[in-house]
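Chemist: Structure of the sequence below:
(one chain, ligands or ions: 2)
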Amino acid sequence: MEALIPVINKLQDVFNTVGADIIQLPQIAVVGTQSSGKSSVLESLVGRDLLPRGTGIVTRRPLILQLVNVDPEDRRKSSEENEPNSWKNERLYKGVDGEEWGKFLHTKNKVYTDFDEIRQEIENETERISGNNKGISDEPIHLKIFSPHVVNLTLVDLPGITKVPVGDQPKDIELQIRELILKYISNPNCIILAVTAANTDMATSEALKVAREVDTDGRRTLAVVTKLDLMDAGTDAMDVLMGRVIPVKLGLIGVVNRSQLDINNKKCVADSIRDEYAFLQKKYPSLANRNGTKYLARTLNRLLMHHIRDCLPELKTRINVLAAQYQSLLGSYGEPVDDKSSTLLQLITKFATEYCNTIEGTAKYIETTELCGGARICYIFHETFGRTLESVDPLGGLTTIDVLTAIRNATGPRPALFVPEVSFELLVKRQVKRLEEPSLRCVELVHEEMQRIIQHCSNYSTQELLRFPKLHDAIVEVVTSLLRKRLPVTNEMVHNLVAIELAYINTKHPDFADACGVMNNNIEEQRRNRMRELPSAVPRDKMAGGAQGEQEGGTGTWRGMLKKGEESQGEDRNKQQSSVPASPQRGHAVNLLDVPVPVARKLSAREQRDCEVIERLIKSYFLIVRKNIQDSVPKAVMHFLVNHVKDSLQSELVGQLYKPALLDDLLTESEDMAQRRNEAADMLKALQRASQVIAEIRETHLW
Ligand code: GDP
Ligand code: MG
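Modeler: Numbering: from 1, shown residues only. Ligands and ions are numbered 1, 2, ... in the order given. The predicted structure follows:
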């Protein structure tokens, strides 16, 4: 079997890379009646004395014998190399000095270097489970033999077929053994050695009968005829060996194993094989070359080779597929860094570009499940901020009493003749100030969004960054601090935008001019009213109409509505709108209280009218300002925060990170990534070698 060693060892390299389960060498199992020589055949194939043999029922539990080829060279090499190789580690761990040793599954880590001890342990273990009185058990004994002289192969020694129960054996012993045997040999990957002793009737061979049950076309059954030396005088196995008694597709091979006497005399395998050869030459000269243990081994060799050959194409395909997979995996990990400074610059630039692209909406990776980047900023401006501003009530937080108090305070000690302008300014400023908070909130939201984009970019767009966690963190830090730096500037600007509005109440604003006119008219009207001593009800109705007009047409219609006092303009409109009732609270004329405390009370018609005038003006002016703010805050945010960050990001990153002193630190790969790349690279290399090995096997060893 040693001819197989180089091939199997080479394949082992392949197995070590792609997993041993990809190609399985067949198991070789022996079947036959009791004492037909099954254990002896296996043993001569292994070339070592290790199995209990003898007359009567000796093998009473299946023995799964795993041969593991070890390279004696490797022990010397292994201290330097660190190639994964289980048996080698095994030897190192166990400190085994001999070149062959065995291990049982049931004795765990115990190492057996003495083969007599191994045989003894098999016997003990057999007795332990099956008892000492011929009982059998289907629980296998697992034994591994490590040796430079064996091939990686699994041999199965099985109890012999028996008909009549003896000792502790149950009544259905025949059935039990049959089932046990069938369990092993029905595996299509099992080569069956059907052992029949030459001194029994070949035609009724139980071994061949049971083998044929599972291997109907005889592709994996090899007949072995033992005990050629024990044939009755005057008989020979000529007919049997020629296949004339029972034809066996893969052939019939006659062998001579050691007799019980030989065993007792500790005759060694080599001597036995030599004697066997001599016997065959003498007894069956014409068939000597096609019989004997050596020939049996060669035949098995050939069967195994064929099996390997049959597996190779698939194995090769599998290896090529795996190699391609690892190649692309390796590609996805990125190349190891050669030129650190250019890699750093490249990564920084890539991040900066991606960041800007995400804002601009031109990023390669565009979310489809939710808004991101620039689109979210747009949403913040126009939906979140816009709607919040629109929901700010121009007169919110302003009670009639507030208005009235402001008016009265503004007139000082004199009873007011007209509605004082000062009170309007005072109150309108108070209202405008309320726009600041949502504006600042808008800055905050955009800032948050810009922060989110950092994450988005490092997650989706620049995956290479994940290889360098330190660089990733540093970039995040730089961008975060850049954003943080821009925040006060932007807030300041937004604050100023509101402050600017507060700084100067422009009553000459073209859109406000109308409202202004209203006030003047109103004053004039008051005077006229006073002169006519008219009841206050009429102007109040007119006011109410004006309010509705404003709702319909905005500030632009104010003039028409409120100028109703001036007969020259807007008469028809007034008529339509005068039906709207004033609020009941304001509808009754009551005496002014001496002390203007903010308690609910009925207002005089005059007060009520003044309030309404002021409120109307506030509303009109407020809407102008709100429109301004709604327009200018997003512009300010874009300019001071978004665009600024966008424009300075690259230079900021380069300025802070592109420093020779930082190179090594920033480009330290995550251990994980470096390790994964190394593993993938190793795997790829091994696969490529495996592919080469397969090519070599095909060329040199098989045909
Ligand atoms: P098993 O029960 O089928 O495993 O048979 P063993 O291998 O235990 O052999 C039974 C007995 O037959 C042992 O004493 C062997 O020494 C003996 N034996 C096996 N093969 C031969 C052979 O070819 N020639 C001789 N003379 N004895 C053999
Ligand atoms: Mg046996």
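
Chemist: Excluding chain neighbours, give the residue nearest to residue 288 in space.
Modeler: Excluding the flanking residues, the one nearest residue 288 by CB to CB, 6 or more residues apart in numbering is residue 280, at 4.2 Å. Glycine gets a C-beta too; all of them are placed from N, C-alpha and C.

Chemist: burial of that neighbour, as a residue count?
Modeler: Neighbour count for residue 280, taken as other CB atoms under 10 Å: 25.

Chemist: How about residue 350?
Modeler: Residue 350, neighbours per other CB under 10 Å, totals 15.

Chemist: Just to be sure, it is in a strand?
Modeler: No. Residue 350 is assigned helix when assessed by DSSP: H, G, I helix; E, B strand; the rest coil, not a strand.

Chemist: Over to residue 622: give its phi and psi.
Modeler: With angles defined as degrees, to the nearest 10, residue 622 sits at phi -60, psi -40.

Chemist: Spit out the contact partners of it.
Modeler: Contact analysis of residue 622 by CB atoms under 8 Å, 6 or more residues apart in numbering lists 394-395, 428, 431-432.

Chemist: of all those, which two lie farthest apart?
Modeler: Greatest spacing in the contacts of residue 622, by CB to CB: 395 and 432 (12.2 Å).

Chemist: the more surrounded of those two?
Modeler: Ranked by neighbour count (other CB under 10 Å), residue 395 and residue 432 place residue 432 first, with 24 against 17.

Chemist: That one touches residue 500, doesn't it?
Modeler: No. Using CB atoms under 8 Å, residue 432 makes no contact with residue 500, being 10.2 Å away.

Chemist: show me where the stretch 151-300 of the chain has strands.
Modeler: For the stretch 151-300 of the chain, the strands defined by DSSP state E, counting those that start in this stretch occupy 153-157, 190-197, 221-226, 252-254.

Chemist: nope, the chain is what I meant
Modeler: Counting by DSSP state E, residue ranges of the strands within the chain are 27-32, 63-69, 101-104, 141-147, 153-157, 190-197, 221-226, 252-254.

Chemist: could the contacts of residue 622 go into JSON lines alongside pLDDT and distance to residue 376?
Modeler: Shown next, in JSON lines, are those (pLDDT from 0 to 100; distance: CB to CB, whole Å):
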{"residue": "394", "pLDDT": "90", "distance to residue 376": "29"}
{"residue": "395", "pLDDT": "90", "distance to residue 376": "33"}
{"residue": "428", "pLDDT": "91", "distance to residue 376": "34"}
{"residue": "431", "pLDDT": "92", "distance to residue 376": "30"}
{"residue": "432", "pLDDT": "93", "distance to residue 376": "28"}
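
Chemist: any chance of those in JSON lines, plus distance to residue 268?
Modeler: Formatted as JSON lines, the contacts of residue 622 follow (distance: CB to CB, whole Å):
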{"residue": "394", "distance to residue 268": "113"}
{"residue": "395", "distance to residue 268": "115"}
{"residue": "428", "distance to residue 268": "117"}
{"residue": "431", "distance to residue 268": "113"}
{"residue": "432", "distance to residue 268": "111"}
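
Chemist: Any idea how many residues pack against residue 695?
Modeler: Residue 695, neighbours per other CB under 10 Å, totals 12.

Chemist: ok, now how distant is residue 505 from residue 72?
Modeler: Using CB to CB, to the nearest Å, residue 505 is found at 101 Å from residue 72.

Chemist: same deal with residue 146?
Modeler: 11 Å.

Chemist: Show the pLDDT at the closest residue to residue 329 other than its chain neighbours.
Modeler: Of all residues not flanking residue 329 in the chain, residue 680 sits nearest, at 5.1 Å (CB to CB, 6+ apart). Per-residue pLDDT puts residue 680 at 86.

Chemist: you'd agree residue 680 is up against residue 334?
Modeler: No. The pair residue 680 / residue 334 is not scored as a contact, 11.3 Å apart, by CB under 8 Å.

Chemist: okay, the two: which has more neighbours?
Modeler: Each of residue 680 and residue 334 has its neighbours counted (other CB under 10 Å); residue 680 has more, 19 against 16.

Chemist: Quick one: residues contacting the more buried one.
Modeler: 326, 329-330, 333.

Chemist: For ChimeraX, what selects the buried ones among these?
Modeler: For the buried members of these, the matching ChimeraX selection, counting by 16 or more other CB atoms under 10 Å, is:
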select :326,329,330,333
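
Chemist: In helices, which of the contacts of residue 680 appear?
Modeler: 326, 329-330, 333 (DSSP state H).

Chemist: Nearest spatial neighbour of residue 337, chain-adjacent residues omitted?
Modeler: The nearest residue in space to residue 337 (CB to CB, 6+ apart) is residue 343, at 4.9 Å.

Chemist: what's the distance between the one you found and residue 56?
Modeler: 76 Å.

Chemist: Please say which of the two ends up with more neighbours.
Modeler: Legend: neighbour count by other CB under 10 Å for residue 343 and residue 56, higher for residue 343 (21 against 10).

Chemist: Who are the contact partners of the residue lying closest to residue 498 once chain neighbours are set aside?
Modeler: Nearest residue to residue 498, sequence neighbours excluded (CB to CB, 6+ apart): residue 436, at 4.3 Å. By CB under 8 Å, 6+ apart, the contact set of residue 436 is 494-495, 498.

Chemist: Most neighbours among those residues, please name it.
Modeler: residue 494 (25 neighbours).

Chemist: what's the closest non-adjacent residue to the one residue in the stretch 401-550 of the chain that gets nearest to ligand 2?
Modeler: Nearest to ligand 2 in the stretch 401-550 of the chain, going by CB to the ion, is residue 467, at a distance of 60.3 Å. Spatial nearest neighbour of residue 467, excluding adjacent residues (CB to CB, 6+ apart): residue 673 at 4.7 Å.

Chemist: Near residue 182, how many other residues are there?
Modeler: Using other CB under 10 Å, residue 182 is surrounded by 14 other residues.

Chemist: From ligand 2, how far off is it?
Modeler: When CB to the ion, to the nearest Å is the yardstick, residue 182 and ligand 2 sit 18 Å from each other.

Chemist: got the contact list for the nearest residue to that residue once chain neighbours are set aside?
Modeler: In this structure, residue 182 finds its nearest non-sequential neighbour in residue 214, 6.4 Å apart by CB to CB, 6+ apart. For residue 214, the contact set (CB under 8 Å, 6+ apart) comprises 182, 185-186, 192.

Chemist: And residue 50, by the same measure?
Modeler: 43, 102, 115, 118-119, 122, 145.

Chemist: Residue 451 now?
Modeler: By CB under 8 Å, 6+ apart, residue 451 lies in contact with 480, 483.
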